[in-house]
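Participant: With the sequence up front, the predicted model follows.
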Amino acid sequence: MRKKIYYLTGFMAAGKSTIGPILANTLGWNFLDLDKAIEEEEAMKITEIFETKGEEYFRKKELEMLKEISKKNHLIVALGGGTIVNRKNLKLLKETGRLIYLHSSPEIAYKRLVFKRNRPALLFEGEEFPTKEQFLERIESLMSDRKEYYEQADYFIDTDAEAVGKTVDKLARIIENDH
């Protein structure tokens, strides 16, 4: 019998860290937020890791942790927004579980992210706060760069208009019917 691991992927603020623990609780499974697990192990925020040790170090750490996580069972994992862009990560995820893409539009992502400064991929050079157009352009560019990876998911769920509870119910039904 295959292991039951579901990896939640999608752009920043698509709902991975919000939906993940509720979904896990609904199923009676465990939940793990990959970025938070890395922050705990490194005793620093993701932005600090990027600044002090670099993205390459972070991605190496991410893969190491994914290898450990992939040995578990009955687990919902919220991935970082860029986790699946690394081909080694994507291969491991596809081999060890199912990938669920939580999709949000650039406009909804903007509304959810506009006041967050803890996302390395969205930090702008200098102190000046970007205009809405600059911010949306950055979001659209990142989404476009990641599209081919997100589209390799086993399941696709739009999180723009649905309430969290309805999304969790949909996902629970998908998982229960997947075995």
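Facilitator: Good, I have the coordinates. Numbers count the residues shown, from 1 in each chain.
Participant: Name the nearest residue to Leu32, ignoring sequence neighbours.
Facilitator: Nearest non-adjacent residue to Leu32, counting by Cβ to Cβ, 6 or more residues apart in numbering: Val77, 5.0 Å away. C-beta coordinates here come from the backbone N, C-alpha and C atoms, glycine included.
Participant: residue contacts, the one you found?
Facilitator: Val77 sits next to Ile5, Tyr6, Tyr7, Leu8, Gly20, Phe31, Leu32, Asp33, Leu34, Ile69, Gly97 when contact means Cβ atoms under 8 Å, 6 or more residues apart in numbering.
Participant: let's see 10 Å
Facilitator: Val77 makes contacts with 5-9, 16, 20, 24, 30-34, 37, 65-66, 69-70, 83, 93, 97, 99-100, as judged by Cβ atoms under 10 Å, 6 or more residues apart in numbering.
Participant: And Lys61, by the same measure?
Facilitator: Contacts of Lys61 by Cβ under 10 Å, 6+ apart are Ala37, Ile38, Glu41, Glu42, Ile49, Lys53.
Participant: List the ones among these that fall in helices.
Facilitator: If you go by DSSP state H, those have Ala37, Ile38, Glu41, Glu42, Ile49, Lys53 in helices.
Participant: Of those, which is the nearest to Thr167?
Facilitator: Of all those, Ala37 has the smallest distance to Thr167: 22.8 Å, by Cβ to Cβ.
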